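Colleague: what follows is a predicted structure for the sequence shown.
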Amino acid sequence: MSQSDVILVGASVRSFAQSAMRDGLRPICVDMFCDADLRLSLREHGLSETHWCRHITSFTEAAQAVADVNSNVPAIVLGGLENHMTGFLHLSSQRTVRGPDWKTIEQLRDPLRLFPRLRDLGCCVPRFHVKGSGVPVHEPGLRWLHKRRCSSGGQGIRWYAESEVSRHTPSEAVPTDDLQEFIDGIPISASFLATVYSENESVAPWGGVQLLGCALQLSGCQELHADAFHFCGNVGPLTLAADLTRNVVRAGRAVAAESSVSGLFGIDFVVRDGRPFIVEVNPRPTASHELHERGRVCLPGHVSLQLGQPVRSSGHTGGASDFHADAQRNVHQQGSRGCWARFVIYADQDVVISDDLQSELLSRCVREGTHPFWLADIPSSGTTVTPGTPLCSLYADLSEKGLRFSQLHSLVELLPLSAVPSVEKLVETIQARLVVLAND
C-alpha cells in the first residue's frame, strides 16, 4: 500500500479529497458519510476505498480510525471536528494537525475574548451576551439569536424570545447559549490564508494574511427544503465593491492580529449598508473552497495550502512569497473568474438510496465540461436519509449566459423528493444580491 500524504477528517470530506487528488496528493479520508462519489473518486485515482476511505460515527473515533497510519502523516481538520475537544486533542496527541491548536480555536469561538478587540481595531461586530451573563434589555426592532459555540452548519441557532425567561426569577433568567444580535443583510463568507513570518520580526503579525476569496452564503432556504439557519451552500467567487473588499481584508488581518491562527481560516459576515459585520470565525478551511479553486485553477488547492507545500501537478512551483503575490493579483481580478453555486438540497421525506438510484445520481456527477448543472455528495446505496438532513449537493455554473434551466429541471426531477426544489427562483434572488455586493 502506497504512503499517504495527508489525513482529512471532517463530517464530509469529499470536496477536499477531490481537491487533494487533483494536486497529486493521496488523502486518507475520515468522515461520517463516505459518499458514493468520494469512493468513486478514490477508485478513479487508483486508491482502494477500503484503505483510503474510513467511516466514523463520532469524532471521538477519529484518532483510532487512523491509528495504523504512520504518525509522520499530518491531519487536516475540516468541518465539524473543530467543535469536539476530545476528538481533536486525541488526534493532536497522535500526529501533527495542521492549522490552529485547540487553545486558538477556543479563543476564536469566544465572543467575549474576540469581539471587543475586533471592535477596537475598527471592525463591525454585533452586540452579544455570553451564556450565563443575563438577558438583554428590550429594545424595539432589535432581535437576538441563540448560538452555540460548539456547532457548525447553522445547527443550534434559533431565535431568542423574551418570553423564554419571563417565567423565571431574576437569578434564573440567564441564557444557556450565547446570544448574538441579529444583523439583517446579505451573508457572505471569506477565506483567508495566514502565514507566520517567524524569521522576520519586523513584519507585522498579520502581514502574511491573504484573502483567497469571498462567497455568498446560503442558509435556511425553503426552496431547498432546509430548516431555518441550516447551511445551504455558497455562491462565488464574488466580485465585491472596492470599499467592501478593503473592509473584509482588514477584518481578516484583525483576526490574525488578535490570535495565533495559522493556515486557512474563514470569517462569516453579514453586509449591511455596505459594511461587513463579523458574525463568526471558522478556524479551518471553508466549505466554499471548491468555488475559489475553480476561479484560480493556476494556484494550489486548499489542502495543499494547508500543508504549506507546493503541489506536483498544478504547475505552481514557487515559494510562499510567490503564492501570496499570485493570490493577491487573483483577488483584484475577480471579475474575470466566473461564478459557481453549490446548493445543499435537504430531504423532505424519508429516502432509502437503492443501487439503481445511486448509479443514476452518480452518472450526473459531471465535474468538468459544458454541463451547467451537476450533482455531488451522493449517499451510498442502502443509506436512509431522513427529512431535514442533506440529501445531496447541486452545482450550477452561474457565469454561463442564458442558463439552460431545462437541464436543471430534468436533473432535480431525478431526486426522490415529494416537492421539486425551487432552484430557478433561488437563482433569481442570488443574481440580485450579486449586483448589490458588486456596487454597494
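Modeller: Received, thanks.
Colleague: tell me how far T245 lies from V297.
Modeller: 22 Å (Cβ to Cβ, to the nearest Å). Glycine gets a C-beta too; all of them are placed from N, C-alpha and C.
Colleague: more neighbours, those two?
Modeller: The residue with more neighbours, out of T245 and V297 and counting by other Cβ atoms under 10 Å, is T245; that gives 20 against 11.
Colleague: which pLDDT value belongs to the spatially most central residue of the chain?
Modeller: Using Cα atoms, centre = their mean, the residue of the chain that lies closest to the mean C-alpha position is A287, 2.4 Å off. Per-residue pLDDT puts A287 at 93.
Colleague: wait, doesn't it sit right on V235?
Modeller: No: in terms of Cβ atoms under 8 Å, A287 does not count as a neighbour of V235; the distance is 12.0 Å.
Colleague: overlap in contacts, the two.
Modeller: Counting by Cβ atoms under 8 Å, 6 or more residues apart in numbering, the shared contacts of A287 and V235 are R342.
Colleague: helices along this protein, start to end?
Modeller: In chain order, the chain shows helices spanning 14-22, 36-44, 49-52, 62-65, 85-94, 102-109, 111-120, 242-257, 289-295, 302-307, 320-331, 355-362, 405-412, 423-439, with DSSP state H as the criterion.
Colleague: poorly predicted segments of the chain, please.
Modeller: Applying pLDDT under 70 to the chain picks out residues 1, 134, 162-176, 196-207, 309-337, 367-370, 402.
Colleague: next, count neighbours for the closest residue to M21 other than its chain neighbours.
Modeller: Of all residues beyond its chain neighbours, the one nearest M21 is H45 (4.9 Å), with distances taken as Cβ to Cβ, 6 or more residues apart in numbering. For H45, the neighbour count with other Cβ under 10 Å is 17.
Colleague: hang on, H45 packs against A20?
Modeller: No: here H45 does not reach A20: they are 9.7 Å apart, not a contact under Cβ under 8 Å.
Colleague: between the two, what contacts are shared?
Modeller: Overlap between the neighbourhoods of H45 and A20 consists of R26, taking contacts as Cβ under 8 Å, 6+ apart.
Colleague: quick one: contacts for G185?
Modeller: Counting by Cβ under 8 Å, 6+ apart, G185 touches 270-273, 277.
Colleague: make it 10 Å
Modeller: Listed by Cβ atoms under 10 Å, 6 or more residues apart in numbering, the contact set of G185 reads 269-277, 279, 436.
Colleague: domain-wise, how is the chain divided?
Modeller: For the chain, the domain assignment from automatic domain parsing gives the residue ranges 6-98, 127-181, 185-440.
Colleague: follow-up on the earlier one: distance to H371 for the helices of the chain - can I get that in CSV?
Modeller: Formatted as CSV, the entries for the helices of the chain read as follows, by distance: least, Cβ to Cβ, whole Å:
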stretch, distance to H371
helix 14-22, 16
helix 36-44, 15
helix 49-52, 25
helix 62-65, 35
helix 85-94, 38
helix 102-109, 38
helix 111-120, 42
helix 242-257, 31
helix 289-295, 14
helix 302-307, 24
helix 320-331, 25
helix 355-362, 14
helix 405-412, 7
helix 423-439, 15
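Colleague: show me the one of the ones you listed that comes nearest W340.
Modeller: Ranking the helices of the chain by their distance to W340 (criterion: Cβ to Cβ) puts helix 289-295 first, at 5.1 Å.
Colleague: if we can go back for a sec, I figured the residue nearest to the centre of the chain hits G154, correct?
Modeller: No: contact criterion Cβ atoms under 10 Å: A287 and G154 do not qualify, at 11.5 Å.
Colleague: mutual contacts of these two, please.
Modeller: Contact with both A287 and G154 is made by residues 217, 231, according to Cβ under 10 Å, 6+ apart.
Colleague: and the gap between I76 and V13?
Modeller: Distance, I76 to V13, using Cβ to Cβ: 9 Å.
Colleague: the more surrounded of the two?
Modeller: Set side by side, I76 and V13 give different neighbour counts by other Cβ under 10 Å, the larger being at V13 (29 against 26).
Colleague: please name the residues that touch that one.
Modeller: By Cβ under 10 Å, 6+ apart, the residues touching V13 are 7, 19-20, 27-35, 38, 53, 76, 78-80, 303.
Colleague: count of neighbours near G156?
Modeller: Neighbour count of G156, defined by other Cβ under 10 Å: 15.
Colleague: can you say which two of the contacts of G185 are spatially most distant?
Modeller: Farthest apart among those by Cβ to Cβ are V279 and V436. That separation is 18.3 Å.
Colleague: between the two, tell me which one has more neighbours.
Modeller: With other Cβ under 10 Å as the criterion, V279 and V436 differ in neighbour count, and V279 comes out ahead with 24 against 13.
Colleague: which residue, other than its chain neighbours, is closest to the more buried one?
Modeller: Going by Cβ to Cβ, 6+ apart, V279 has D268 as its nearest residue, at 5.2 Å.
Colleague: quick check: the gap between the closest residue to T86 other than its chain neighbours and N282.
Modeller: On the basis of Cβ to Cβ, 6+ apart, the spatially nearest residue to T86 that is not a chain neighbour turns out to be T60, at 5.6 Å. When Cβ to Cβ is applied, the distance between T60 and N282 equals 21 Å.
Colleague: same deal with L426?
Modeller: Going from L426 to N282 by Cβ to Cβ gives 24 Å.
Colleague: is the spatially closest residue to G99 that is not a sequence neighbour in a bridge, and if so with what?
Modeller: Distances taken as Cβ to Cβ, 6+ apart place G263 nearest to G99, at 4.4 Å, with adjacent residues excluded. Each beta-bridge partner of G263 is listed here: A194, as defined by DSSP bridges.
Colleague: contact partners for G263?
Modeller: G263 makes contact with 76-77, 98-100, 192-196, 283-285, 302, 305-308, according to Cβ under 10 Å, 6+ apart.
Colleague: picking up where we left off before, ok, T60 and N282, which is more surrounded?
Modeller: Counting neighbours by other Cβ under 10 Å for T60 and for N282 shows that N282 has the greater number, 21 against 12.
Colleague: who's the more buried one bridged to?
Modeller: Each beta-bridge partner of N282 is listed here, defined by DSSP bridges: G266.
Colleague: wait, it sits on G252?
Modeller: No: using Cβ under 10 Å, N282 is not in contact with G252, being 11.9 Å away.
Colleague: overlap in contacts, those two.
Modeller: Residues touching both N282 and G252 (Cβ under 10 Å, 6+ apart) are 190-191, 265-267.
Colleague: out of those, give me the two with the largest separation.
Modeller: When Cβ to Cβ is used, the two most widely separated members of the shared contacts of N282 and G252 are A190 and F265, lying 9.5 Å apart.
Colleague: my guess is L307 contacts S19. True?
Modeller: No: assessed by Cβ under 10 Å, L307 is found out of contact with S19, at 11.5 Å.
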